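Peer 1: one predicted model, sequence on top.
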Amino acid sequence: MNHADVTRLFGYTEWANHLVLDSSESMTVEQLTHDFGTGQHSIFETLVHMLGAEWVWLERWLGGERLSIPGLVRPFKSPGPDAFSVVRQGWNQIEEIRTGYLTGLSEASLQAPLSYANLRGEPFAEPLIEQMLHVVNHSTQHRGQVVGFLRALGVTPPTTDMIHYFRTVA
């Protein structure tokens with residue numbers, strides 16, 4: 001796994017995240033907050049969880065620097081009238097910052113252990129590339145949940161398969 005691979009994986013993640021967000025954006029508040037009894041409970045909470053995880057990991061990679069995303073305050077739970085635009089703006093900002101960060105990384109820095117503390121303050125250190133692969137995998141897992149939630153509500157979900165990304169975008 002190298003720099004080009006990680007960049008491509010984040011390209012896929014961003015593409016697929018946007019497809020799921022686009023498919024959810026026109027839903028009613030009742031649909032967005034319907035409790036499915038799994039994962040983060042609802043479509044909206046799952047999307048916010050995904051966004052929050054990408055946010056937290058990016059802060060870790062930036063050395064613990066706290067990111068300020070206008071309109072987005074943790075915890076961000078209920079979909080108000082501007083909720084989707086705030087979530088989309090937050091994701092756009094994270095993507096922009098992460099792209100700049102990725103651009104400046106060397107192959108050696110991807111393999112080097114990077115220390116951080118989890119949300120309970122417990123210290124960890126893994127190679128940066130493993131942390132990045134975790135973020136991509138985490139988003140994939142939760143997008144799958146949102147796709148299932150959409151189907152359960154009678155909505156045809158987008159195709160977010162990685163091979164579809166490779167065939168149509170990459």
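Peer 2: Structure's in. What do you need?
Peer 1: and the helix or strand hosting Arg167, what's its mean pLDDT?
Peer 2: Here Arg167, judged by DSSP states H and E, is contained in helix 162-168. Mean pLDDT, computed over helix 162-168, is 96.
Peer 1: in it, what's buried?
Peer 2: For helix 162-168, a neighbour-count test (16 or more other C-beta atoms under 10 Å) marks 162, 165 as buried. C-beta here means a position set from N, CA and C on the backbone, and glycine is covered the same way.
Peer 1: list the helices and strands that helix packs on?
Peer 2: Where contact means 3 or more C-beta pairs under 8 Å, 6 or more residues apart in numbering; DSSP states H and E, helix 162-168 is packed against helix 3-25.
Peer 1: any idea of the mean pLDDT in the helix it packs on?
Peer 2: 95.
Peer 1: how about the nearest residue to Leu62, chain neighbours excluded?
Peer 2: Of all residues not flanking Leu62 in the chain, Tyr101 sits nearest, at 6.8 Å (C-beta to C-beta, 6 or more residues apart in numbering).
Peer 1: and the one you found, that one's in a strand?
Peer 2: No - per DSSP: H, G, I helix; E, B strand; the rest coil, Tyr101 lies outside any strand segment and is helix.
Peer 1: give me the neighbour count for it.
Peer 2: 12 (other C-beta atoms under 10 Å).
Peer 1: where is the longest helix in the protein?
Peer 2: helix 128-152 (DSSP state H).
Peer 1: average pLDDT for stretch 28-38?
Peer 2: Mean predicted confidence for stretch 28-38 is 89.
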